[in-house]
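S.K.: could you work out the structure for the sequence below:
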Amino acid sequence: MKNKEILSGHDVAKSSWSDANLTGLKWENDGRDLILNWARNGKSIGVLKCTWARKLKINITMGENEGGYLLTWGANINSVSDTGWILSFDFASKGEIELTCNEIFLEISG
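M.R.: Numbering: from 1, shown residues only. Next up, the predicted model:
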């Protein structure tokens, strides 16, 4: 059985977000929470849960005959006083995903 570790808040923000593949995106809890699945070198590295997600902006462009997982160039995850978190994932020439949410949790499989 694999061990799971759950990080929250500032510990999630301090995690390394470069060279991670976005492998999935889905909504849970009647569309309130956004779940982002991440992998590195073909292995799952975590599931990021963003509660009460809002102000979502997905700007992704793939050219002809392009596809596959999106590879991060980097990310900015910042707390915003008492209102939650602002997250921005940079996928280099492919685009970005930005959102605001109340809480962030990263479940890491080990």
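S.K.: show the pLDDT at the residue positioned nearest the centre of the chain.
M.R.: Geometric centre of the chain, nearest residue: Leu36, 4.7 Å, by C-alpha atoms, centre = their mean. pLDDT for Leu36: 95.
S.K.: repeat that for the one 5 residues further on.
M.R.: pLDDT for Asn41: 72.
S.K.: Leu34 versus that one, what's the distance?
M.R.: The gap separating Asn41 from Leu34 is 24 Å, by C-beta to C-beta, to the nearest Å. Placement of C-beta: from N, CA and C, glycine included.
S.K.: more neighbours: which of the two?
M.R.: Set Asn41 next to Leu34 and count neighbours by other C-beta atoms under 10 Å: Leu34 wins out with 22 against 8.
S.K.: give me the helix or strand of this structure that scores worst on average pLDDT.
M.R.: Taking mean pLDDT, DSSP states H and E as the measure, the chain has strand 4-8 as its least confident helix or strand, at a mean of 84.
S.K.: sheet partners, orientation included, of that strand?
M.R.: strand 103-109 (antiparallel) (DSSP bridges).
S.K.: quick one: distance of the strand it pairs with to the chain centre.
M.R.: Its chain's C-alpha centre and that of strand 103-109 lie 10 Å apart, by C-alpha atoms, centre = their mean, to the nearest Å.
S.K.: one more: stretch 18-29?
M.R.: For stretch 18-29, the separation from the chain centroid amounts to 5 Å (computed by C-alpha atoms, centre = their mean).
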